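Engineer: Show me how the following folds:
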Amino acid sequence: MDDYRAIADRLAADIAAGRLWPGDRLPPLRRFARDRRIANSTAARVYQELSRRGLTVGEVGRGTFVRTGAPPAEPALAEPGEARIDLEINFPVLPDQPALLAASLQQLLHPDVLAGALRPVGAAGTPAARRAAAGHLARAGWAPDPGALLFAGNGRQAVAAAVAALVPAGERLGVEALTYPVVKGIAARLGVTLVPLAMDEHGLTPEALRAAAPLRAVYLQPALHNPLGITMPVQRRRELAVLLRELDIQVIEDGIYGFLRADLPPFAAHAPERTVVVDSLSKRLAPGLSLGFLTVPAGGVPEFAAALRSGTWTASRFALEAATRWMADGTAAAVEAAKREDAAARQRIVAARLAGFRVRADPQAYHCWWELPEPWRADTFVAAAARRGIAVTPAGAFAAGAGHAPSAVRLALASPPLDALAEALGVLGELAHGTPEDTGPE
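Structural biologist: Numbers count the residues shown, from 1 in each chain. Below is the predicted model of the structure:
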């Protein structure tokens, strides 16, 4: 049996000779092992060796690609060592917010207060938490009823609980054709069938919703849609609310980014009797501050609380107590106001650095959608960007159905410092002005 290094040598020769082109996707590991009649563990070592030599780049959930060129001697963005500019995942944490958050926790760390925070808590949290959350989540004339609020460990668990409560196993959940990828995994684990629904420049279309009925529920992102970055206008919201009542379809509204549009009420303002609003602290404050919120329709508390308990998705008492203090004393509001300014500044950088390209986003969003110019494909562009130390996400990661994904990428803007973001976008713009062949070995 061939040594894994010998197999890697032959693949390296194929790359050098042009038999494998820059951007080509290697077979999935198991198929590669089967075709060559080697063990899966040997195939894994081959792929690891190719990566170690700088010949391939792997992306979780997407595959392994031949690099679009030899790795540069120095990182493209002058980052130290192996560092990358992460435009895949949004981590909106402002430099001065840790000190601001810490100041609110001093009282919580007193032994007698901490003792209470270490006790268990139910899905409904505490009266103080419900009052603070109701005030904090309110926006543009809409405010949740404190008695209709429930708490999850994080936003993903809140979404899972909402799906579990509204859509029995084997039933159908409508989702926008491009959607938050985690919803696909939640539906698979709960045995729920996803139904992709067509969109236009304003979001989900009423025609698509009517054509897909019957549905138990629909999962929507009306504000700063992920990945498209668009915000559904009020008139479209009203049209959908009327149709949802006619078709008797429930709504799971993902409001995770809604705080960035404090001027706009949630979709629930138009259909409160059939909408559960899901939110969390992950974007409002920080990914490491884990707490999810569900604002449920009148009379729905027992059903959604049962779903939270059955999935063990309820919040921890310590996180709940910390969040209650941040919401009640204005700390969370101050951080969110600063993030609205930060997101707008990042969108201005996008507008300047990617001028002339087909980029769309709400001007307050922490991400944008880039329709790539010909002849770029999303997977080839992802590989070419990775060679330059920049991680971006291809459209296929967000496709709810099995059809063809557009040649587009999502850029998550929140994580890098502003100067690094500007430089990264400049590098990507130069890359897109060229062709995949321009990025190959010299």
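
Engineer: Following the chain past the helix or strand of the chain with the lowest mean pLDDT, name the next helix or strand.
Structural biologist: In the chain, the helix or strand scored least confidently by mean pLDDT, DSSP states H and E is strand 56-59, which has a mean of 69. Downstream of strand 56-59, the next assigned helix or strand under DSSP states H and E is strand 63-66.

Engineer: what's in contact with that following strand?
Structural biologist: The set of residues external to strand 63-66 that reach it, using CB atoms under 8 Å, 6 or more residues apart in numbering, is 15, 20-26, 28-29, 47, 50-51, 55-59, 379-380, 382-383. For the C-beta atoms, the positions are set from N, CA and C on the backbone; glycine is no exception.

Engineer: Looking at those residues, which are in helices?
Structural biologist: Counting by DSSP state H, the contacts of strand 63-66 place 15, 29, 47, 50, 51, 379, 380, 382, 383 in helices.

Engineer: from these, which is closest to residue 393?
Structural biologist: Of all the ones in helices among the contacts of strand 63-66, the one with the least separation from residue 393 (CB to CB) is residue 382, at 7.5 Å.

Engineer: how close does that closest one sit to residue 63?
Structural biologist: 10 Å (CB to CB, to the nearest Å).

Engineer: intersection of neighbour lists for the two?
Structural biologist: In the contact map built from CB under 8 Å, 6+ apart, no residue is linked to both residue 382 and residue 63.

Engineer: okay, the two: which has more neighbours?
Structural biologist: In terms of neighbours (other CB atoms under 10 Å), residue 382 is the more surrounded of residue 382 and residue 63; the figures are 26 against 16.

Engineer: returning to what we had before: looking at neighbours, which among the ones in helices among the contacts of strand 63-66 is most surrounded?
Structural biologist: Compared across those, residue 383 has the highest neighbour count, 29 neighbours, by other CB under 10 Å.

Engineer: Relative to residue 371, how far out is that residue?
Structural biologist: Using CB to CB, we find residue 383 at a distance of 18 Å from residue 371.

Engineer: And for residue 385, the neighbour number?
Structural biologist: Counted with other CB under 10 Å, residues neighbouring residue 385 total 26.

Engineer: Quick check: it touching residue 431?
Structural biologist: Yes - the pair formed by residue 385 and residue 431 meets the contact definition of CB atoms under 8 Å, at 6.6 Å.

Engineer: Flag the shaky bits of the protein, pLDDT-wise.
Structural biologist: Across the chain, the stretches falling below the confidence threshold (pLDDT under 70) are 1-2, 58-62, 68-83, 403, 438-442.

Engineer: how far out from the middle of the chain is the longest helix belonging to it?
Structural biologist: In terms of residue count, the longest helix belonging to the chain (DSSP H) is helix 331-353. Taking CA atoms, centre = their mean, to the nearest Å, the mean C-alpha location of helix 331-353 is offset from the chain mean by 18 Å.
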